[in-house]
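Novice: just to be clear, the model below is a prediction. Sequence and coordinates:
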Amino acid sequence: MTTTIKPDQAAWFSAYLTVADMQESIAFYRDAFGFSLTGKMEDEEKGIVHTEWTHQEQVIFMAAPEGVTEGGEKAPGAMGGVWPLTFYVYVPDVDAHYETAKAAGAKVGGPPKDQFWGDRSYEVADPSGYRWMFATASAN
């Protein structure tokens, strides 16, 4: 599989995450979050250095630290903890999503709960140290 996402297929804003371990991340994002791997780039010496994912028709890019740029990027966990931002993602059924993520070994912060702003959500940290919040919008 090679890169498949073209600029005209991506939103004007797409996340590009540096992950600590590409093989672990591929399994985690597929099994815990239900993201779909749509493309990857491999280097003969370095292995998989870039992946492309979709979730609900949105694009997410990921790179290995030894990947495709020369900027010396690191995953948040390599810098001492969880990155100080949260990726907020809507899913159709946050309770089912939580159970799937938990069963896949995700570090969840607790079960979903109703929030004062109307969503039902839960927080989780991925293996690279990024913080995610998955939510289902309130029917109100």
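Specialist: Great, that's in hand.
Novice: find the centremost residue of this structure, please.
Specialist: Compute the mean C-alpha point of the chain, and by Cα atoms, centre = their mean the closest residue is residue 29, 5.8 Å away.
Novice: wait, doesn't residue 35 sit right on residue 51?
Specialist: No. Counting by Cβ atoms under 8 Å, residue 51 is not a contact partner of residue 35; they are 9.6 Å apart. All C-beta atoms are positioned from the backbone trio N, CA, C, and that covers glycine.
Novice: which parts of this protein are helices?
Specialist: When assigned using DSSP state H, the helices of the chain occupy the ranges 22-31, 94-103.
Novice: the ones you listed: which one's closest to residue 56?
Specialist: Residue 56 sits nearest to helix 94-103 of all the helices of the chain, at 11.7 Å, using Cβ to Cβ.
Novice: and the closest one, what does it pack onto?
Specialist: If contacts are counted by 3 or more Cβ pairs under 8 Å, 6 or more residues apart in numbering; DSSP states H and E, helix 94-103 sits against strand 107-108, strand 120-125, strand 131-136.
Novice: any idea how far the closest residue to residue 85 other than its chain neighbours is from residue 14?
Specialist: Nearest residue to residue 85, sequence neighbours excluded (Cβ to Cβ, 6 or more residues apart in numbering): residue 131, at 7.1 Å. Separation of residue 131 from residue 14 (Cβ to Cβ, to the nearest Å): 18 Å.
Novice: with neighbour numbers in mind, choose between these two.
Specialist: Comparing residue 131 with residue 14 by other Cβ atoms under 10 Å, the one with more neighbours is residue 131, at 19 against 14.
Novice: pretty sure the more buried one contacts residue 123?
Specialist: Yes. With contact defined as Cβ under 8 Å, residue 131 counts as touching residue 123 (6.5 Å).
Novice: overlap of the contact sets of the two?
Specialist: residue 86 (Cβ atoms under 8 Å, 6 or more residues apart in numbering).
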